[in-house]
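>>> Pasted the sequence and its predicted model underneath.
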Amino acid sequence: MERYYQPEIETASREQIKAWQDERLVKQVKHVWDNVPYYRAKMEKAGVTPEDIKGRDDLHKLPFVTKDDLREAYPYGLLAKPLADCVRIQSTSGTTGKRVVAFYTQHDIDLWEDCCARAIVAVGGTKEDVCQVSYGYGLFTGGPGLNGGSHKVGCLTIPTSSGNTERQIMFIRDLNATILCCTPSYAAYLGESMKEMGLTPDQIPLKAGIFGAEAWSEEMRHDIEKTLGIKAYDIYGLTELSGPGVSFECSAQSGMHINEDHFIAEIIDPETGEVLPEGSKGELVFTSITKEAFPLLRYRTRDICILSSEPCPCGRTHIKMSKPMGRSDDMLIIRGVNVFPSQIETVLLNNGYPANYQIIVDRVRNTDTLDVQVEMTPEMFTDNLGEIDQRQKTLMDSMRAMLGITAKVTLVAPKSIVRSEGKAVRVIDKRKI
Ligand code: DLL
């Protein structure tokens, strides 16, 4: 029997969901108009006032918000509540050096954790379960979000955070973890490590996994399910909207239900901004209708996907989104961490290198690798290998500080990276996802 965390919401009629969205949107637009001068200016420029927005059918009248707006308004420009009412920030990389900082009131955190709790119950989680949260804790939303959701469900929560594979496996086995939350690539890696230790799926107590923060294929799902002996479910979200739990998979494992009582989803043509009919492939745009501290109206996620309101056998009535099929910008997700080529470029320029570089991304044994090849200037070029080695180390340290993950940096001879006739080919992504 399908179980729900908030049945009256998760199985509400479409009319009820629309009524919630209409009412909450009107309130939200007034909230940002009254409290966020940046928004008011944007709306005035677009010629819209709160009176023009009577419900979700008027949503298209509002201007889009993009990552550029977040950068421009950094850090407090989009804050809609006094700082004294905020209790937390979470953060992720922005398009250049500036990070995205999202603020939360206690109420925002409460609703976010409800969304994560819905995801845990959807995979069969109850208070009898032991939930190991192996997403990173800290500024990244994965750990804190699922941790909060797991508490709400009443699971025994193991906050291992990411890394230290031996310890992860020890806790899974010794504490009989039944639900694992981490990135799909880390789940695959844990699976392989356990297989190498000679563990068969029936010796692993896990029964379900909640994996997201990066793209993963159906093949990868089958591999993970086989090695760990579990059902593997997808979860989607982004820091700007709260974090994981914007949408989540149910027992049907075919698309993720968007928590429509908190987020209104639209699909647009990334080139023209035109709203596309249901079933079209396009860029996902979200409006957060319940967030107090950091509400975003028509936020362009850059994720490409398809929406469907086909009835779902699980009984949930909220619309489903497909797995993201790519992005309409150049953001890469490496080991679950968002990386923009422009961040790498900034590090190079700050360290006195010309912007002749190539980023090579691959997936080796289910783990993403990031190699950056950087051309030296003729003045830097030397046959002193020790000096080159030192330069590479310095660059790797700066990259780690900027990106939050380790990149392998290789310095190459001047003019050795092939010049392209058109746009420079900065990124070679060899991963087959
Ligand atoms: O990745 C939040 C999250 C944490 C989601 C844990 C799921 C689990 P950000 O770091 O802000 O937030 O990155 C957001 O990651 O726009 C997508 O491009 C990508 N992404 C997130 N979930 C998925 C997924 C978290 N299930 C960006 N499949 C988003 C594919 C995903 N891509």
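Noted; the coordinates are in hand. Residues are numbered from 1 along each chain as shown.

>>> For stretch 219-232, what is the distance to the chain centroid?
Remark: stretch 219-232 is offset 21 Å from the chain centroid, using CA atoms, centre = their mean, to the nearest Å.

>>> Which residue, other than its chain neighbours, is closest to the residue in the stretch 301-433 of the chain that the ligand sits nearest to?
Residue of the stretch 301-433 of the chain nearest the ligand, by CB to the nearest ligand atom: P324 (4.2 Å). The C-beta positions use only the backbone N, C-alpha and C, and glycine is treated the same way. Spatially, and ignoring its direct neighbours in sequence, P324 is nearest to D303 (4.2 Å; CB to CB, 6 or more residues apart in numbering).

>>> so for the strand or helix carrying that neighbour, what's the average pLDDT?
In this structure, D303 sits in strand 299-305 according to DSSP states H and E. What strand 299-305 shows for mean pLDDT is 96.

>>> What parts of the stretch 201-350 of the chain come near the ligand?
Residues of the stretch 201-350 of the chain lying near the ligand by CB under 6 Å from any ligand atom: 212-215, 234-239, 243-244, 301, 303, 323-324, 333, 338.

>>> Low-confidence ranges, the stretch 151-300 of the chain, go.
The stretch 151-300 of the chain contains no residues with pLDDT under 70.

>>> likewise the stretch 301-433 of the chain?
Low-confidence segments of the stretch 301-433 of the chain, defined by pLDDT under 70: 420-424, 433.

>>> what about E260, helix or strand, and which?
Short version, using DSSP H and E: E260 is in no helix or strand.

>>> which residues touch the closest residue in space to it that isn't next to it in sequence?
Among residues not flanking E260 along the chain, H318 sits closest, at 4.6 Å (CB to CB, 6+ apart). Residues near H318 by CB atoms under 8 Å, 6 or more residues apart in numbering: E10, I17, H257, I258, N259, E260, D261.

>>> So which of those residues wins on neighbours?
With neighbours defined as other CB atoms under 10 Å, the most crowded of those is N259; it has 27 neighbours.

>>> Now that residue: closest residue in space that isn't a chain neighbour?
Nearest non-adjacent residue to N259, counting by CB to CB, 6+ apart: C115, 4.9 Å away.

>>> just S254 next, same as before
That would be K320: by CB to CB, 6+ apart, it lies 7.6 Å from S254.

>>> Please state the backbone phi and psi of the closest residue to D85 other than its chain neighbours?
With sequence-adjacent residues excluded and distances taken as CB to CB, 6+ apart, D85 is closest to T105, at 5.2 Å. Dihedral pair for T105: phi -90, psi 170, per degrees, to the nearest 10.

>>> ok, T105 - how many residues close by?
So T105, with other CB under 10 Å, has 19 neighbours.

>>> surely it meets A84?
No. With contact defined as CB atoms under 8 Å, T105 does not reach A84; the gap is 10.1 Å.

>>> In contact with M325, which residues?
By CB under 8 Å, 6+ apart, the neighbours of M325 are K281, I304, C305, I306.

>>> rewinding a little: how close does the residue nearest to S254 get to S251?
Using CB to CB, to the nearest Å, K320 is found at 13 Å from S251.

>>> Pick out whichever of these two has more residues nearby.
K320 (23 against 17).

>>> quick one, phi/psi of the residue nearest to E260?
Torsion angles, degrees, to the nearest 10, at H318: phi -70, psi 140.

>>> do you know how far it is from G352?
According to CB to CB, H318 stands 52 Å off from G352.

>>> count of residues packed around L83?
Neighbours around L83, by other CB under 10 Å: 9.

>>> Mind checking what secondary structure the closest residue in space to it that isn't next to it in sequence has?
Residue nearest to L83 in three dimensions, not counting chain neighbours: Y76, with 7.5 Å by CB to CB, 6+ apart. Classification of Y76 using DSSP: H, G, I helix; E, B strand; the rest coil returns coil.

>>> tell me the helices in the protein, going along the chain?
Secondary structure of the chain by DSSP state H: the helices cover 7-10, 14-35, 37-46, 67-72, 106-122, 142-153, 165-174, 184-196, 218-228, 341-350, 385-403.

>>> Is the ligand within reach of the fourth one?
I take that to be helix 67-72. No. Contact of helix 67-72 with the ligand (CB under 6 Å from any ligand atom) is absent, the minimum separation being 10.0 Å.

>>> Roughly how far does the closest residue in space to G212 that isn't next to it in sequence sit from A122?
Computed as CB to CB, 6+ apart, the closest residue to G212 that is not its neighbour in sequence is I235, at 3.8 Å. Using CB to CB, I235 is found at 9 Å from A122.

>>> With I9 instead?
13 Å.

>>> Give me the more crowded residue out of the two.
A122 (26 against 20).

>>> got the contact list for the more buried one?
Y4, Y5, Y233, F248, E249, C250, S251, H257, C314, R316.

>>> Out of those, the closest to T92 would be?
In terms of CB to CB, no member of the contacts of A122 lies closer to T92 than F248, at 19.3 Å.

>>> looking at it, G255 is touching M321, isn't it?
Yes. G255 is within contact range of M321, at 6.2 Å (criterion: CB under 8 Å).

>>> partner residues bridging the residue nearest to D85?
With DSSP bridges applied, T105 shows beta-bridge pairing to C86.

>>> ok, it to R88 distance?
Applying CB to CB to T105 and R88 gives a distance of 9 Å.

>>> Counting neighbours, what do you get for D52?
When neighbours are counted by other CB under 10 Å, D52 comes out with 13.

>>> ok, it to D58 distance?
6 Å.

>>> ok, now S134?
Going from S134 to D58 by CB to CB gives 43 Å.

>>> okay, the two: which has more neighbours?
Applying other CB under 10 Å to S134 and D58 shows that S134 carries more neighbours, namely 28 against 15.

>>> dump the residue contacts of the residue nearest to D202 when sequence neighbours are not counted.
Leaving aside its chain neighbours, D202 sits nearest to G229 (6.1 Å; criterion: CB to CB, 6+ apart). Contacts for G229 (CB under 8 Å, 6+ apart) come out as T200, P201, D202, I204, L206.

>>> State the distance from G229 to the ligand.
Per CB to the nearest ligand atom, to the nearest Å, G229 is found 22 Å from the ligand.

>>> got it, and I268?
I268 is 15 Å from the ligand, by CB to the nearest ligand atom.

>>> Thought E283 was touching that residue, still the case?
Yes. Contact criterion CB under 8 Å: I268 and E283 qualify, at 5.2 Å.

>>> Touching both of these two, which residues are there?
Shared contacts of I268 and E283, counting by CB under 8 Å, 6+ apart, come down to R300.
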